[in-house]
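> sequence-free structure coming up:
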């Protein structure tokens, strides 16, 4: 395990890479929403050199992303786009896949809904949306640790919180995104995948 990675990245990168190895086999162009430190981007771009990985985040996170990109010197990782999902205007049908990790519980729920709208716009027909993090199903947490984490998030900001799968499915369905698969991951997290339907962008 690399000692230079953030602890959560060190824990989850290999399990996520295993899912990407299955699900991104036909993918070439990836948009990452919420690149954070840029560590996921460089790790997965190393593991999958056929991918062109477009990082993005709010402007205040760009220096960290750019520093990690400069350190790793990978030809298939692009400098971050300035992206706030609430105001994003990106070209339609421009990516084969969208990747986002540990974002849905940090964003307000309105921003989560808008993230799905951005995904539906930028994905080509047959493209895949990969979303990683903790989630709740049937209003139940899958572990006591996630229930405590939810309480911690809510205490920090009432707009944060672990999201219900049923709510996300509602967002996805009206935006031409069909659930593809769900993978159980370490630390009681999930990897969720949706497929963009054939047809016009919603």
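Sure, I can see it. Predicted model only: the values in this text are computed from it and were never measured.
> Make sure residue 61 is actually in contact with residue 39.
No. At 12.0 Å, residue 61 and residue 39 do not qualify as touching, with contact defined as C-beta atoms under 8 Å. Where you see a C-beta, it was placed from the backbone N, CA and C, and this is true even at glycine.
> Neighbour count: those two, which is higher?
residue 39 (21 against 18; other C-beta atoms under 10 Å).
> The chain: strands as residue ranges?
Using DSSP state E, the strands of the chain run over residues 29-32, 52-57, 77-82, 95-101, 123-133, 135-137, 140-141, 163-164, 177-185, 189-196.
> could I get those strands as TSV with mean pLDDT?
Listed next are these as TSV, based on pLDDT from 0 to 100:
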stretch	mean pLDDT
strand 29-32	98
strand 52-57	98
strand 77-82	97
strand 95-101	98
strand 123-133	97
strand 135-137	95
strand 140-141	93
strand 163-164	97
strand 177-185	96
strand 189-196	97
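> quick one, what contacts the nearest residue to residue 181 once chain neighbours are set aside?
The shortest distance from residue 181 to any residue other than its chain neighbours is 4.9 Å, reached at residue 193 (C-beta to C-beta, 6 or more residues apart in numbering). Taking C-beta atoms under 8 Å, 6 or more residues apart in numbering, we find residue 193 in contact with 23, 128, 129, 130, 131, 179, 180, 181, 182, 183.
> Who does residue 193 form a beta bridge with?
On the basis of DSSP bridges, residue 193 is bridged to residue 130, residue 181.
> what angle separates the lowest-mean-pLDDT helix or strand in the chain from strand 189-196?
Least confident helix or strand, the chain: helix 7-23 with a mean of 87, by mean pLDDT, DSSP states H and E. Taking axes from the mean of the first three to the mean of the last three C-alpha atoms, to 10 degrees, one finds helix 7-23 and strand 189-196 inclined to each other by 40 degrees.
> for helix 7-23, which positions count as buried?
9, 11, 12, 13, 15, 16, 17, 19, 20, 23 (16 or more other C-beta atoms under 10 Å).
> Which strands or helices does it pack on?
helix 39-47, strand 95-101, strand 123-133, strand 177-185, strand 189-196 (3 or more C-beta pairs under 8 Å, 6 or more residues apart in numbering; DSSP states H and E).
> for those, which one sits closest to residue 72?
helix 39-47 (4.2 Å; C-beta to C-beta).
> where's that closest one relative to the chain centroid, distance-wise?
13 Å (C-alpha atoms, centre = their mean, to the nearest Å).
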